[in-house]
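Undergrad: sharing a model that was predicted from the sequence below.
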Amino acid sequence: MDWVYLTELAVNGAMTGLLYSLVAIGLVLIYKSSSVPNLAQGALTMLGAYVVLAFSDILGWPLWVAIPLAAIIMFFVGMGIERVALRRLAGRPVVMILMMTMGIEIFLRSTTLAIWGGTSRSMNLGVSYDPLFVGDVLLNRVYIVGAGVAIALFVVFLLFFRTRIGIRLRAISDDYMASWSVGISVERGVGLSWGLASVVAVAAGVIWGEVQGVDQSLSILLLKGLTVAVLGGLDSIVGAIIAGIILGILESVGANFLDPLVGGGSRDLIVAMVLILTVMIRPHGLFGRHDIERI
Amino acid sequence: MFYRLSGVRHTSYIADSKMFKVPADRNLVVVFLLFGLVAPFLVPSLYLNSYMLPWLIWTAATLGLNLVTGWAGQLHLGYAAIMAVGAYASVHAAKFGLPWEVALLIGGLASSVIGSLFAFTALRVKGLYLALTTLAMQFVMDWVLTHSPAISGGSHASLQSPTFALLGQKITSDTGLYYVAFGWCVLVTIFMLNLKRTGLGRALVAVREKDFAAAILGVNSFYYKLVAFAASSFIAGITGALLVVTFYFLAAPEQFAVNVSIQVLAMVIIGGLGSIIGSYLGAALILLMPGVVNQLFTYIASVMGWELGLETLAHIPNAAYGALIIIVLMVEPMGLGKLYANIRDYLMVWPFDQLKK
């Protein structure tokens, strides 16, 4: 047993997991406020990355201008999606809401590809690719930056939910009726959470674009983001971070043992199995709220 | 007007539970049945094989998914995986030398067994979580298919299907294959039409509306969920097998990937949950739309003198497919079946509905 190698796998896995958390946080933000499982989060991530590239690559602006500008645009894209498509489906069966977000996913992904093309581009964040050794463990600098962004976002949201608007969002996620009756605009709150989730999608798109290039494969992050969000509890941001670390370690260490047995490609299998087992054993996840159903 | 109600009187419960309460409905079905029967002589064989046949087969698949999603209310995002089980089981059985009738049955039963596994998830969770689990199961099934050469057929991951034959008659002609698809679609439709009138169908609807409440009424909701999954999987298995033998002629894992599952669900939703005519309309719309949109865009581009890149043209049908789902859900969340029902309700009392106001 090579402990150094295992530690390296675990640490790098944990950081990859934190990158999954970036996608999961967006999902959690929307689910928390409106109980909508946003299957379009992967496509939003991809769109975010492409919008950043449209400014930095095509117009040639520096990244520190391009990223905030893209974040602002995506904020309004997110609010727009909620306003146009999701609001009128409120109260409908979940199958229709799922299908709607899936339709948005297909539409956003194909439109992005139709406009900008499917060839893979690089983000060029300027993070050095030199290996970084901590003791004997080899680390990837891009992953460290990504994990840092994930944790920073987590802290920001932790603080945000203590502000006036944040408290309103918490009230909305608690009870629609009660929020309405004390004068909180539920619609505006839900729209805001879609906007915030789209801004998070820009962050995820930039980091993942740097890691694996900006192309169609960014939208496939949805499955991993979903798994992380469900494992952590669909309405818990702390859960998204911790579940990300758990899934990342499980995936990278598990694949190390399983790959020789099944001939490669076991990462996706592990993710799918984690999703199935979580739902079967503890549907509300590690930190989620356990809803009791009334007749 | 067209749906004349004069002379329609129900004086007994038997009469009230008739399949077609209004004669016009029956006549419509007869007209479509006749059209389906003579279609090979009316429609050019290119259209017959590339539009009519896949339409009928996908309609059968849509009806099968509608049974579990529209009637029993259980979300299912792994339908293509179940179709794959039936397709591979049948083709392997036929390659082994069994007659196709038995092979199809084996495919259906194999699907039924695997599909019932999905139902055990439905015992534990429902709604969103059921959808996510079935989605994950679809990924597991994809993975198993692509990683086991014994099932998917060697290094190229494609499995040639033997020549289709029924009752010892080899079926290779376009017309023959069309009639096979037509026959299966009619069988599934008859089953679904009758489902509404039986205790089973009513129990499924009760489970859909509220499974706890159904349990209080004495409807064993887990048993009926299991039945719904098993029956719909049986339909899926045979449909998957027929899809391979009459349309694709070889089985490959990507024919049953996750996007196919989403496509069948889109057919169900666009057609309308629990609507039979909607399943026909939804399947037709989703299948025909990419080709139509592509031709439309090529035409517009040539008229306006735009230079559209190949890549742009390649992604436009998909974008239109997404937009179609969004628009239908925005305009009429209950789907095309509901639109048809609205028109029917309007014409039923026309011109007297003005008097109501």
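TA: Everything's here; your move.

Undergrad: residues touching the closest residue in space to A:F133 that isn't next to it in sequence, list them.
TA: In space, A:F133 comes closest to A:L139 once its chain neighbours are excluded; the distance is 7.4 Å by Cβ to Cβ, 6 or more residues apart in numbering or on different chains. C-beta coordinates here come from the backbone N, C-alpha and C atoms, glycine included. By Cβ atoms under 8 Å, 6 or more residues apart in numbering or on different chains, A:L139 lies in contact with A:V11, A:N12, A:M15, A:P131, A:L132, A:F133.

Undergrad: pretty sure B:G127 contacts A:V94?
TA: Yes - B:G127 is within contact range of A:V94, at 4.9 Å (criterion: Cβ atoms under 8 Å).

Undergrad: touching both of those two, which residues are there?
TA: In contact with both B:G127 and A:V94: B:L75, using Cβ under 8 Å, 6+ apart.

Undergrad: returning to that earlier point: tell me what the residue nearest to A:F133 is bridged to.
TA: Beta-bridge pairing for A:L139 (DSSP bridges): A:L132.

Undergrad: phi, psi of residue 30?
TA: Looking at chain A here, since you left the chain open. Here is the backbone geometry of A:I30 (degrees, to the nearest 10): phi -70, psi -40.

Undergrad: my question was about chain B, not that one.
TA: Dihedral angles (degrees, to the nearest 10) for B:V30: phi -60, psi -40.

Undergrad: ditto for the one 4 residues further on
TA: According to degrees, to the nearest 10, the main-chain angles of B:L34 amount to phi -60, psi -40.

Undergrad: if I look at it, how far off is chain A?
TA: In this view, B:L34 and chain A are 34 Å apart by Cβ to the nearest Cβ, to the nearest Å.

Undergrad: tell me how many other residues surround that residue.
TA: 10 (other Cβ atoms under 10 Å in any protein chain shown).

Undergrad: list the contacts for it?
TA: Listed by Cβ under 8 Å, 6+ apart, B:L34 has no contact partners.

Undergrad: look at it and report its pLDDT.
TA: We have a pLDDT of 91 for B:L34.

Undergrad: what about it, distance to B:F182?
TA: In this view, B:L34 and B:F182 are 12 Å apart by Cβ to Cβ, to the nearest Å.

Undergrad: quick one, which of the contacts of A:L139 are buried?
TA: A:V11, A:N12, A:M15 (16 or more other Cβ atoms under 10 Å in any protein chain shown).

Undergrad: low pLDDT regions in the stretch 1-150 of chain A?
TA: Applying pLDDT under 70 to the stretch 1-150 of chain A flags residues A:1.

Undergrad: including distance to A:V127 and secondary structure, could the buried ones among the contacts of A:L139 go into TSV?
TA: Shown next, in TSV, are the buried ones among the contacts of A:L139 (distance: Cβ to Cβ, whole Å; DSSP: H, G, I helix; E, B strand; the rest coil):
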residue	distance to A:V127	secondary structure
A:V11	18	helix
A:N12	15	helix
A:M15	13	helix
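
Undergrad: now tabulate the residues you listed in TSV and tack on distance to chain B.
TA: Shown next, in TSV, are the buried ones among the contacts of A:L139 (distance: Cβ to the nearest Cβ, whole Å):
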residue	distance to chain B
A:V11	27
A:N12	23
A:M15	24
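
Undergrad: got the residues of the stretch 1-150 of chain A near chain B?
TA: Contact residues, the stretch 1-150 of chain A versus chain B (Cβ under 8 Å from any Cβ of the partner chain): A:37, A:84-85, A:88-89, A:92-96, A:98-100, A:102-111, A:113-115, A:117-118.

Undergrad: now with 7 Å, please.
TA: A:37, A:85, A:88-89, A:92, A:94-96, A:98-100, A:102-104, A:106-107, A:110-111, A:113-114, A:117-118 (Cβ under 7 Å from any Cβ of the partner chain).

Undergrad: buried subset of these?
TA: A:37, A:85, A:89, A:94-96, A:98-100, A:102-104, A:106-107, A:110-111, A:113-114, A:117.

Undergrad: which residue is nearest the middle of chain B?
TA: Closest residue to the average C-alpha location of chain B: B:T62 at 1.3 Å, with Cα atoms, centre = their mean.

Undergrad: by contact count, what packs against the strand or helix carrying it?
TA: Using DSSP states H and E, B:T62 sits within helix B:53-66. Packing contacts for helix B:53-66, counted by 3 or more Cβ pairs under 7 Å, 6 or more residues apart in numbering or on different chains; DSSP states H and E, involve helix B:174-195, helix B:221-243, helix B:258-271, helix B:276-304.
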